[in-house]
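Engineer: A structural model of the following input is requested.
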Amino acid sequence: MSPTPRRRLQAGVMALACTAALSAAPTAASAASAAPFGVSFARGFASPPTDARPKIRYWWPCGEITPAAIEAEVRQIASRGFSAAEISCMFSSNPGEYGWGSSALTDRLEKAVQAGRRHGVNIDFTVGPSWPLVVPGLTPDSPGAAQEIAYGSTVVEGGTSHTGPVPAAPAPHAGVEKQTLVAVQAVRCAVACTGAKPVKLDRSSLIDLTGRVRNGSVSWTAPADGEWLLLAYWWRGTGQASVAGQAVSGRPAFVVDHFSTAGAKAATNYWDQHILTPAMRRLLNGGNLFEDSLELDSGQHWTADLPARFRVLRGYSLRDNLPVLFIDKIHRQYTAVTPDDTPDFEFTDGSGARVRDDYYRTLTDLYIAEHVKPLQTWAHARGLRFRAQPYGTTIDTPSVDAALDVPETESLGMWAGYDDEPSRWTSSGAVHLAGREVFSLECCATYGEAYGQTWPEMLKHFNTAFAHGVNQVVYHGFPTEQGFGAQWPGFSPFTTQGGNGFSEAWGPRQPTWDDTRKISDWTARTQYVLRQGSPRVDLAVYRQSYGTKVREPAGASGFTYDFTGPGQLDGTRVENRRLAPGGPAYRALVLGRQQTLPVGTARLLLAHARQGLPIVIVGDPPSRTPGAYEATAQDAELGRTVKALLAQPSVRHIAAQGDLADTLADLGVRASAEPTAPGLLNVRRARPGGDLYYLYNPTSAAISTQLSLEGRGGPYELDAWTGKITAIGRYRTEGPRTTVPVSLAPGASTIIALGKPGGRHATATTGGEIVTEGRALALRASEAGPYTVSLDNGRTVRVTVPEADALRTLNSWTLSVDDWHRGADGKRETTRHQLDLARLTPWSDIPELQDVSGVGTYSTTVTLARLDGAYLDLGEVTDTFEVTVNGRALPPADQVTGRLDLTGYVHEGANTITVKVATPLRNRLRVTDGFPGQAQQPRQRYGLIGPVRLTPYRQVPVSR
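Structural biologist: Model prediction:
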């Protein structure tokens, strides 16, 4: 029978002398003869440089960590292949002595930098403790503290008077003592001033009554017609603290104003005065200054000079448009409200949406100019790069990401098995067009998965991110074990009360920690590939939004795409029908279901279309500009420009998204990678000498396909698990494209390079798979019989495969389990269990093991005959594993598929196969004191569960 789908290609095994061990590298002669891009690339792939390796978040209870623990833990982090540890001061039991800015914490940070230098690990610093950014000593009323605007209102009947206090806003957050009146206005309601939102207001009736306020009161008589609304706007601090409250510092600490340099300066001044000692500054040798999630909480974002800055940036008065800014809870932390939700008020002239768009755009501009740039400048002066996660409600995240040194997104879930949201990847176009070399991901916090997260789950999120442009992963995370005097398994910031919070607490406490180097090496090799050369993306999909809703381009299956907005497109050029020809070299731009378009962007698209760029407009063309300044004239100009755009020969207008694929074909636009079966995701990188394609199967079914790739040259498979590069023995070339067979299991990925021209190769076979031995071709199959192989020189070769031994299902195993649990002294203790298994079953179904976590070693012996090699399929296995055959350890295996090639390890006669499996800790913690949150969770299925199948094969030379 032919092999089942797996991660590796159905291709050859012309192995380079690059090995799985990072210490090994191919010799110049062997690598140069076989590698797609020569010896330097082969060595880099086998042993990725430090800057290509992943990072890991390192959680501290602030300064409550000993120098000895720092030394040991940084050494552990280095030994598992991480390039950097991002230290986060989460909270402290004694913030006065150990919190942010304390001498104890500063000393420990110095010790960490010293340890990092000794062990080759960069130390990244968070810009403040916990998150969002807070500064000790900053009060809610400080000029540098986060600000909000709130309003109060009262109804005044036409012809009646109001005399008394101006309307009060809802009570501010505790600790906010100062409120400043921004304006008092009266405006006539078009129908009624109460009822369902939005309340419609007559813009032309608006009266500014601020000048009439005396000692907090106002006297005013409403005109006789209709109902009037009296509105008072109050500017005040938000009173927001970090998510850890006031457990981060000896002095109260509040969130800074992210839209004013006063906030950024408060943070950097505190660093210079309390944290960055001369000794530590001398020690710095790179790394990142990192700002975590922009999880701001306010009634409505504000800053002191917002009205003045708005007038300069947008060209009109914000004050005259204050009523239409407000959407209830739009800026509340963790809100589900978006800019598309119903506002409190609307003007009858329809200008409200335009004003809000300008307001959100101004917030974005101020965030970049007054927060990102000052922090970036400060970091650069100290040899650091600024990395941040700038996503937040009503912020144009792609524009901010384009301004950062290292933009970062996040894979974050609120339940097990979650799928990553498209909103996480909206910045890929900004990253590519801004020329950023690194697009970072914090991965993979999942609520309710503490001590239950598996590495295949992690790898699913890694692969999803890689398929959308990410090329750096920051693992979440590594907590110091010592904090708060916790017993085994130790301190973790998300399970301090024994709950089941966010995952995951990686480190020596985890049975899988010894296998983590396999994962980090795979990550590093994949990231190394995804930073080669420059990106090549098929489509630019226009998107301008301040919310998280994402419309993916349905109808463009098989095409890769980036989202791009006005800021990203500005300054781009077209050459040979390619947008941004140096990379990403988009083949077409899709403008789909976008109601608004700035005139400047429309003019740019018209110019690009005149240069031959294919553009597809889906649905109604944009008919409105986004802002309110000179809206009538701008809309008219947009109409004229769009009309001219639609008249261009390279532009198509279609009614439905489902017509996109046919329309692109009509325009002569092909995808870089064209599979014959749907579902495959790909990323292309172009580099001198050829192309690299990363492939991922995100579906729940195996994908077997003939994959047509743009590019000429010999195809090679790059195995990111071992560092091995192999020449592919079967492929076809047709003009500028190369077609290779690909078979990927669910969740699996691989990498194909098109590089140095290959030699003689097969183009087709009636069965089995084509491999190479040296420069010779061979056919490998598990079923005996005649096969026909077609070669690229036109010859047809008949190959007869002799009988192979039968497929075996390996049921009987001996099992030795090292059971990790808490001992009487509060430290980890290990107990050994020995079992004989007549059939494989999860530990949760074995009474002796049902509440056990740890490391299990399975062993069996199988007698084989008539074989040249064999495939081993482990079936279901949780969690990490390694395989030994006849006393020899195999190279690291794909932890997703569990499929291994035993060529060179098995032989005729008796063969002993050993599988070592390490598990998560959940099952043990379910019955460990102090973990009530774990006790509520069901048992997980641990161990080698199978079915385990061994498929012998025969291998026969193919005469050329």
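Engineer: Point out where the chain drops to low pLDDT.
Structural biologist: Along the chain, the parts satisfying pLDDT under 70 run over 1-34.
Engineer: thought residue 706 was touching residue 738?
Structural biologist: No - taking contacts as C-beta atoms under 8 Å, residue 706 lies outside contact range of residue 738: 11.0 Å. Glycine gets a C-beta too; all of them are placed from N, C-alpha and C.
Engineer: Between the two, tell me which one has more neighbours.
Structural biologist: residue 738 (23 against 14; other C-beta atoms under 10 Å).
Engineer: For that one, which non-adjacent residue is closest in space?
Structural biologist: Nearest residue to residue 738 in three dimensions, chain neighbours excluded: residue 709, at 5.2 Å (C-beta to C-beta, 6 or more residues apart in numbering).
Engineer: and the one you found, what element?
Structural biologist: strand 703-710 (DSSP states H and E).
Engineer: Touching the helix or strand following that strand from outside, list them.
Structural biologist: Next helix or strand after strand 703-710 toward the C-terminus (DSSP H and E): strand 714-719. Residues outside strand 714-719 that contact it (C-beta atoms under 8 Å, 6 or more residues apart in numbering) are 8-9, 11, 34-36, 45, 525, 529, 692, 709, 725-728, 731, 738, 740, 750-759.
Engineer: The same query, at a cut-off of 6 Å, please.
Structural biologist: With C-beta atoms under 6 Å, 6 or more residues apart in numbering as the test, strand 714-719 has contacts from 9, 11, 36, 725-728, 731, 738, 740, 751-754, 756-758.
Engineer: So which of those residues belong to helices?
Structural biologist: Secondary structure from DSSP state H places none of these in helices.
Engineer: Sort out for me which of those residues are in strands.
Structural biologist: Those of these mapping onto strands are 725, 726, 727, 738, 740, 751, 752, 753, 754, per DSSP state E.
Engineer: number of nearby residues for the first one?
Structural biologist: Right, the one you point to is residue 725. Residue 725 has 27 nearby residues by other C-beta under 10 Å.
Engineer: circling back to that earlier point, restricted to buried residues, select the ones in strands among the contacts of strand 714-719 in ChimeraX.
Structural biologist: Under the burial definition 16 or more other C-beta atoms under 10 Å, those of these that qualify are selected in ChimeraX by:
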select :725,726,727,738,740,751,752,753,754
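Engineer: any chance of the ones in strands among the contacts of strand 714-719 in JSON lines, plus distance to residue 780?
Structural biologist: Below are the ones in strands among the contacts of strand 714-719 laid out as JSON lines (distance: C-beta to C-beta, whole Å):
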{"residue": "725", "distance to residue 780": "19"}
{"residue": "726", "distance to residue 780": "13"}
{"residue": "727", "distance to residue 780": "15"}
{"residue": "738", "distance to residue 780": "22"}
{"residue": "740", "distance to residue 780": "17"}
{"residue": "751", "distance to residue 780": "22"}
{"residue": "752", "distance to residue 780": "19"}
{"residue": "753", "distance to residue 780": "22"}
{"residue": "754", "distance to residue 780": "23"}
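Engineer: Show the contacting residues for residue 854.
Structural biologist: Counted by C-beta under 6 Å, 6+ apart, residue 854 has contacts 511, 817, 818, 819, 820.
Engineer: Tell me what it is bridged to.
Structural biologist: Per DSSP bridges, the residues bridged to residue 854 are residue 819.
Engineer: next one: residue 472
Structural biologist: residue 440.
Engineer: so it sits right up against residue 438, yeah?
Structural biologist: Yes - using C-beta atoms under 6 Å, residue 472 is in contact with residue 438, at 4.9 Å.
Engineer: Looking at the protein, which residue reaches furthest from the middle?
Structural biologist: residue 159 (58.8 Å; C-alpha atoms, centre = their mean).
Engineer: quick one, what contacts that residue?
Structural biologist: Counted by C-beta under 6 Å, 6+ apart, residue 159 has contacts residue 224.
Engineer: Use 19 as the first number for this chain going forward.
Structural biologist: Sure, I'll start numbering at 19, so the last one becomes residue 177.
Engineer: Helix, strand or coil: sort out it for me.
Structural biologist: The local conformation at residue 177, judged by DSSP: H, G, I helix; E, B strand; the rest coil, is coil.
Engineer: for the stretch 369-518 of the chain, what spans make up the helices?
Structural biologist: Taking DSSP state H, counting those that start in this stretch, the helices of the stretch 369-518 of the chain run over residues 370-385, 391-399, 415-421, 446-451, 473-484.
Engineer: Could you provide the ones you listed in CSV, with additional columns for mean neighbour count and distance to residue 431?
Structural biologist: CSV is the format used below for the helices of the stretch 369-518 of the chain (neighbours: other C-beta atoms under 10 Å; distance: least, C-beta to C-beta, whole Å):
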stretch, mean neighbour count, distance to residue 431
helix 370-385, 22, 26
helix 391-399, 17, 29
helix 415-421, 24, 19
helix 446-451, 27, 20
helix 473-484, 22, 8
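Engineer: wait, which of those is closest to residue 931?
Structural biologist: Evaluated over the helices of the stretch 369-518 of the chain, closeness to residue 931 peaks at helix 473-484, with 21.5 Å, by C-beta to C-beta.
Engineer: What lies in contact with the closest one?
Structural biologist: Contacts for helix 473-484 (C-beta under 6 Å, 6+ apart): 429, 438, 459, 461-462, 491, 537, 714, 765, 767, 897-898, 913-914.
Engineer: hmm, which two among the residues you listed are most spread apart?
Structural biologist: Applying C-beta to C-beta across the contacts of helix 473-484, the maximum distance is between 438 and 898, 22.2 Å.
Engineer: Neighbour count for the two, which is higher?
Structural biologist: Ranked by neighbour count (other C-beta under 10 Å), residue 438 and residue 898 place residue 898 first, with 26 against 22.
Engineer: how close does the more buried one sit to residue 944?
Structural biologist: According to C-beta to C-beta, to the nearest Å, residue 898 and residue 944 sit 20 Å apart.
Engineer: again, but for residue 523
Structural biologist: For residue 523, the distance to residue 944 (C-beta to C-beta) stands at 16 Å.
Engineer: Of the two, which one has the most company?
Structural biologist: residue 523 (25 against 22).
Engineer: what's near enough to touch that one?
Structural biologist: By C-beta under 6 Å, 6+ apart, the neighbours of residue 523 are 497, 510.
Engineer: Residue 593 versus that one, what's the distance?
Structural biologist: 51 Å.
Engineer: Can you tell me which of the contacts of residue 872 are buried?
Structural biologist: For the contacts of residue 872, buried by 16+ other C-beta under 10 Å: 529, 835, 836, 837, 838.
Engineer: quick revisit: right, and the helices of the stretch 369-518 of the chain - which one's nearest residue 656?
Structural biologist: helix 370-385 (12.8 Å).
Engineer: Give me the contacts around the closest one.
Structural biologist: Here helix 370-385 makes contact (C-beta under 6 Å, 6+ apart) with 276-277, 319, 328, 331-332, 339, 342-343, 364, 412-414, 417, 564, 644-646, 649.
Engineer: Which ones among these lie within strands?
Structural biologist: Counting by DSSP E, the contacts of helix 370-385 contribute 319, 364 to strands.
Engineer: Just the buried ones out of the contacts of helix 370-385, please.
Structural biologist: Neighbour counting with 16+ other C-beta under 10 Å marks 276-277, 319, 328, 332, 339, 342-343, 364, 412-414, 417, 564, 644-646, 649 as buried within the contacts of helix 370-385.
Engineer: For stretch 339-356, what is the distance to the chain centroid?
Structural biologist: Computed by C-alpha atoms, centre = their mean, to the nearest Å, the separation of stretch 339-356 from the middle of its chain amounts to 26 Å.
Engineer: Go through that stretch and flag the buried ones.
Structural biologist: Within stretch 339-356, the residues scored as buried using 16+ other C-beta under 10 Å are 339, 340, 341, 342, 343, 344, 345, 348, 349, 351, 355.
Engineer: got it, and stretch 573-592?
Structural biologist: Buried, per 16+ other C-beta under 10 Å, within stretch 573-592: 573-574, 576-587, 590, 592.
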